[in-house]
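K.L.:
Predicted structure and sequence below. I'll ask about it afterward.
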Amino acid sequence: MNLENRNNLYPIFLKVHQLNVLIVGGGTVALEKLSFLLKSSPNANVKVVSISFDKELQKLAQEHRVELISDIYKAKYLEDQHIVIGATNDHKTNQQIYIDATINNILVNIADTPDLCDFYLGGIVTKGNVKIAISTNGKSPTMAKRLRQFFEDVLPESIDDLVLNLNQYRSNIKGNFREKVNSLNKLTKSIIYN
Ligand SMILES: C[C@@]1(CC(=O)O)c2cc3[nH]c(cc4nc(cc5[nH]c(cc(n2)[C@H]1CCC(=O)O)[C@@](C)(CC(=O)O)[C@@H]5CCC(=O)O)C(CC(=O)O)=C4CCC(=O)O)c(CCC(=O)O)c3CC(=O)O
Ligand SMILES: NC(=O)C1=CN([C@@H]2O[C@H](COP(=O)(O)OP(=O)(O)OC[C@H]3O[C@@H](n4cnc5c(N)ncnc54)[C@H](O)[C@@H]3O)[C@@H](O)[C@H]2O)C=CC1
């Protein structure tokens, strides 16, 4: 496949409880982004700045480590932030958030506006310690959602037991690094080639 036609985004798994995440806007889209963030990372450290807040968003904030700030967006709210998600219904404000974040080297995602995104949010499947993130390169968020639902369905909860057993085995095997890798590869080969 041509390199131009494949997904060249690089996924990483962020420790969002150690990072400062700001969401600007408190409506439908902000709620959607906050819900998915907290579903995957319930301990995420998040602030939401908005003129108004949906009821459901207020409820979700109360149940998590989420601070709500009632104000119109100002650049000062980006201070100390690592990541910002813009989800207001005011195009000018969203654009300003993108500019302010870029100047300050803060990673920015303006919801549903790929041109104003340093990163995309993806579909996320979590089974215990296992997490799979799905991206369609921004081509079809609906497909990302369907794939997320598919993997949520087909991946057994017991996959976590397997990971935990291997973790235990890993800490008990003797030998140098190479011998340990060989041993783990031998043990897990049948998962792939069956
Ligand atoms: C580029 C990206 C940027 C970003 O927002 O990060 C983006 C962009 C856009 N989304 C749009 C719409 C919808 N988004 C969803 C759903 C999700 N969107 C998510 C991510 C992303 N959305 C990033 C790319 C991800 C990738 O690479 O695949 C998910 C995975 C994660 C999340 O939102 O947290 C979450 C599913 C989570 C889950 O269920 O697991 C649905 C489906 C639904 O709600 O049922 C619809 C309606 C149907 C449709 O349009 O497909 C529009 C058109 C707006 C308009 O019409 O104006 C744009 C703009 C455009 O495409 O140009
Ligand atoms: N709702 C949807 O399904 C979709 C929405 N969009 C776009 O996403 C954006 C957001 O949409 P919604 O969340 O539905 O809108 P909304 O009207 O539910 O929420 C907008 C939020 O932004 C806040 N806000 C507006 N200006 C602000 C400012 N200057 N500073 C701080 N907060 C401010 C408002 O108080 C409100 O909480 C819009 O641009 C919309 O066109 C795009 C596709 C689908």
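P.N.:
All right, it came through fine. Numbers count the residues shown, from 1 in each chain. Ligands and ions are numbered 1, 2, ... in the order given.
K.L.:
contacting residues for the spatially most distant residue from the centre of the chain?
P.N.:
Most distant residue from the mean C-alpha position of the chain: Gly175, 36.8 Å away (CA atoms, centre = their mean). Neighbouring residues of Gly175 by CB atoms under 8 Å, 6 or more residues apart in numbering: Ser183. Bear in mind the C-beta positions are built from the backbone N, C-alpha and C, glycine included.
K.L.:
If we use 10 Å, what do you get?
P.N.:
By CB atoms under 10 Å, 6 or more residues apart in numbering, the contact set of Gly175 is Val181, Asn182, Ser183.
K.L.:
in a strand, that's where it is, yeah?
P.N.:
No - assigned with DSSP: H, G, I helix; E, B strand; the rest coil, Gly175 falls outside any strand and is coil.
K.L.:
what's the spacing between it and ligand 2?
P.N.:
To ligand 2, Gly175 is 55 Å away according to CB to the nearest ligand atom, to the nearest Å.
K.L.:
next one: Ala30
P.N.:
Ala30 is 6 Å from ligand 2, by CB to the nearest ligand atom.
K.L.:
Run a quick neighbour tally on the closest residue to that residue other than its chain neighbours.
P.N.:
Ranked by CB to CB, 6 or more residues apart in numbering and with sequence neighbours excluded, the top spatial neighbour of Ala30 is Ala87, at 4.0 Å. Counted with other CB atoms under 10 Å, residues neighbouring Ala87 total 25.
K.L.:
again with the one 10 residues further on
P.N.:
Counted with other CB under 10 Å, the neighbours of Ile97 add up to 29.
K.L.:
Quick check: which element contains it?
P.N.:
Using DSSP states H and E, Ile97 falls within helix 91-103.
K.L.:
That helix - contacts with which helices or strands?
P.N.:
strand 21-24, strand 83-86, strand 107-110 (3 or more CB pairs under 10 Å, 6 or more residues apart in numbering; DSSP states H and E).
K.L.:
what are the C-alpha coordinates of the least confident helix or strand in the chain by mean pLDDT, in CSV please?
P.N.:
Scoring the helices and strands of the chain by mean pLDDT, DSSP states H and E places helix 177-192 at the bottom, with a mean of 86. Provided in CSV are the C-alpha atoms of helix 177-192 (Å, rounded to 0.1, in the frame of the first residue of the first chain):
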residue,chain,number,x,y,z
PHE,A,177,17.3,-11.0,29.1
ARG,A,178,17.6,-13.0,25.9
GLU,A,179,16.8,-16.3,27.6
LYS,A,180,13.7,-14.7,29.2
VAL,A,181,12.5,-13.3,25.9
ASN,A,182,13.0,-16.8,24.3
SER,A,183,11.1,-18.4,27.1
LEU,A,184,8.2,-16.0,26.9
ASN,A,185,8.0,-16.3,23.1
LYS,A,186,7.9,-20.1,23.3
LEU,A,187,5.1,-20.0,25.8
THR,A,188,3.0,-17.6,23.9
LYS,A,189,3.6,-18.9,20.3
SER,A,190,0.3,-20.9,20.3
ILE,A,191,-1.8,-17.7,20.8
ILE,A,192,-0.8,-16.6,17.3
